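Visitor: got a predicted structure plus its sequence, pasted below:
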Amino acid sequence: MNQKVVAITGASRGIGAAAARVFAGAGWRVALLARTEAEITAIAATLGDDAMALRCDVADWTSVQTALQTVVARWGRLDTLINNAGVIEPISLLEDVDPALWGQAIDINLKGVMHGMRAAIPVLKQQGGGTIITVSSGAAHNPLEGWSAYCAAKAGAAMLTRAAHLEEGANGLRIMGMSPGTVATDMQVAIKASGINPVSQLDPSVHIPAEWPARCLLWMCGPGGDAWLGKEVSLRDEAIRRAIGVIA
């Protein structure tokens, strides 16, 4: 039987790296995609022969297309794409923000999601099905001071998820979002250092471990995710936490 194959963007750290480990532990073949090749190569080496590291810049369409083509060429299939790559910077008020940096954030956080969908959808349709999950955020639905680029991009990505489901749900594609809440990652370190908006004031103890959203992503690839197609799973929901087994 063919092993299932997952490609994860932003896999060098945080949720992406944790997801690579969780999926590998569940017997999946894992393609780790990120701009920092040395980091994903090191992680892939710990996961064995069923993992590969591919340098990929999600802001570059050709880079994403080539990476996913490489996955299919090596393993013959793609079952799931996790659109996880994202940046919080620039954290800045709109009146002060560098327009070029603002645009770069959109390229990664919004266009990067589109690039992943655009590359994966034809492959999944040809196979007769598959899953695309985009890591969302509360910032997709609530404005936060200093986060205009992040909030706008995440809101756009949430609508992209709905649009993709509308277009491809009837074709056997499972497309949805996962909003993890605040997670103990490098991003939260940058947020705290900024001192801007209430999220920066949160005590680090309230952030959940990256393994929780990683386990949720795996759960969403199974029957548990079926009720959420075209929608967004919130890991703040205690019922979801129980379903994935991280709380009693």
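Guide: Sure, I can see it.

Visitor: going forward, measure contacts and count neighbours with C-alpha atoms only.
Guide: Will do.

Visitor: helix, strand, or coil at residue 82?
Guide: strand (DSSP: H, G, I helix; E, B strand; the rest coil).

Visitor: what's opposite it in the beta bridge?
Guide: Residue 82 has these beta-bridge partners by DSSP bridges: residue 8, residue 133.

Visitor: check what pLDDT residue 1 gets.
Guide: pLDDT, the model's per-residue confidence, is 53 for residue 1.

Visitor: could I get the phi/psi values of residue 130?
Guide: With angles defined as degrees, to the nearest 10, residue 130 sits at phi 160, psi 180.

Visitor: Provide a list of residues in contact with it.
Guide: Going by Cα atoms under 8 Å, 6 or more residues apart in numbering, residue 130 touches 78, 79, 80, 124, 172, 173, 174.

Visitor: count residues in the vicinity of the fourth one, would you?
Guide: What that stands for is residue 124. Residue 124: 22 surrounding residues under other Cα atoms under 10 Å.

Visitor: could you pull up the contacting residues of residue 165?
Guide: Counting by Cα under 8 Å, 6+ apart, the residues that residue 165 touches are 173, 174, 175, 176, 229, 230.

Visitor: so the first one touches residue 124, yeah?
Guide: Yes - with the criterion set as Cα atoms under 8 Å, residue 173 and residue 124 qualify as a contacting pair; they are 7.1 Å apart.

Visitor: who's in contact with residue 231?
Guide: 161, 162, 176, 177.

Visitor: go through those residues and flag which are in strands.
Guide: 176, 177 (DSSP state E).

Visitor: low-scoring stretches of the protein, by residue?
Guide: 1 (pLDDT under 70).

Visitor: OK, contacts around the residue positioned nearest the centre of it?
Guide: Nearest residue to the geometric centre of the chain (Cα atoms, centre = their mean): residue 84, 1.8 Å. Contacts for residue 84 (Cα under 8 Å, 6+ apart) come out as 8, 9, 10, 11, 15, 16, 134, 135.

Visitor: pull the residues that contact stretch 44-63.
Guide: For stretch 44-63, contacts defined as Cα under 8 Å, 6+ apart pick out 9, 21, 24, 28-37, 40-41, 64, 67, 85, 107-108, 111-113, 115-116.

Visitor: can you get me the start-to-end distance on that stretch?
Guide: 19 Å (Cα to Cα, to the nearest Å).

Visitor: now do the strands in the chain.
Guide: Counting by DSSP E, the strands of the chain are 5-9, 29-34, 51-55, 80-83, 130-135, 173-179, 232-234.

Visitor: now do the fifth one: distance to the chain's middle.
Guide: Here the centre of strand 130-135 is set off from its chain's centre by 8 Å, with Cα atoms, centre = their mean, to the nearest Å.
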